[in-house]
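**Student:** kindly generate the corresponding structure for this input.
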Amino acid sequence: YGILELDGYGENPSSAVLRSEMEKGPPKQAMIRSRAIVRRPVKYRYTASEYASWKVWFRDSIARGSDWFNWEDPADCATKLARIVALDPPYKAAAHTTVEGASLGWTVSFFIETWDS
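**Tutor:** Alright, predicted model coming up:
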């Protein structure tokens, strides 16, 4: 549930390479990880009832973001293990109304991290 807004979505992969400057010649580089963590800013739009369900899921099912969960990456439509990055606060929620001004909804922003493919 919820709609992922692509405005602001991106990827920030962590480095899997160690770079060392040399006294002479070019720096040396070595791969230190076979996989890297990719951090993504995401923003979801929820109806009021979806947001209430999301808060329960966040609190109870994924232990306030510390547990891994399945998430579909819009970049490649693959299901990946993800978790919400522990920030303080771990997410930001803002109320909004529809264009018609009818129903109150919520926009929730947070960071997700996944393993790269």
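
**Student:** count of neighbours near Tyr91?
**Tutor:** For Tyr91, the neighbour count with other C-beta atoms under 10 Å is 18. Placement of C-beta: from N, CA and C, glycine included.

**Student:** swap in Arg35?
**Tutor:** 10.

**Student:** could you list every residue that touches it?
**Tutor:** Residues near Arg35 by C-beta atoms under 8 Å, 6 or more residues apart in numbering: Ala16, Trp115, Asp116.

**Student:** and for Arg83?
**Tutor:** Ile62, Gly65, Ser66, Asp67, Trp68, Phe69, Ile112, Glu113.

**Student:** the same query, at a cut-off of 10 Å, please.
**Tutor:** Arg83 makes contact with 37, 62-63, 65-69, 71, 111-114, according to C-beta atoms under 10 Å, 6 or more residues apart in numbering.

**Student:** redo those as TSV? Include distance to Gly10, secondary structure and neighbour count.
**Tutor:** Putting the contacts of Arg83 into TSV (distance: C-beta to C-beta, whole Å; DSSP: H, G, I helix; E, B strand; the rest coil; neighbours: other C-beta atoms under 10 Å) gives the following:
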residue	distance to Gly10	secondary structure	neighbour count
Ile37	15	strand	16
Ile62	22	coil	15
Ala63	26	helix	10
Gly65	19	helix	18
Ser66	23	coil	10
Asp67	24	coil	10
Trp68	21	coil	14
Phe69	20	strand	15
Trp71	15	strand	18
Phe111	10	strand	17
Ile112	11	strand	19
Glu113	13	strand	18
Thr114	13	strand	19
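
**Student:** which residues in the chain form helices?
**Tutor:** For the chain, the helices defined by DSSP state H occupy 48-56.

**Student:** out of the helices and strands in it, which is least certain?
**Tutor:** Here the helix or strand of the chain ranked lowest by mean pLDDT, DSSP states H and E is strand 12-13, holding a mean of 74.

**Student:** please tell me how far Gly2 sits from Ala95.
**Tutor:** According to C-beta to C-beta, to the nearest Å, Gly2 and Ala95 sit 15 Å apart.
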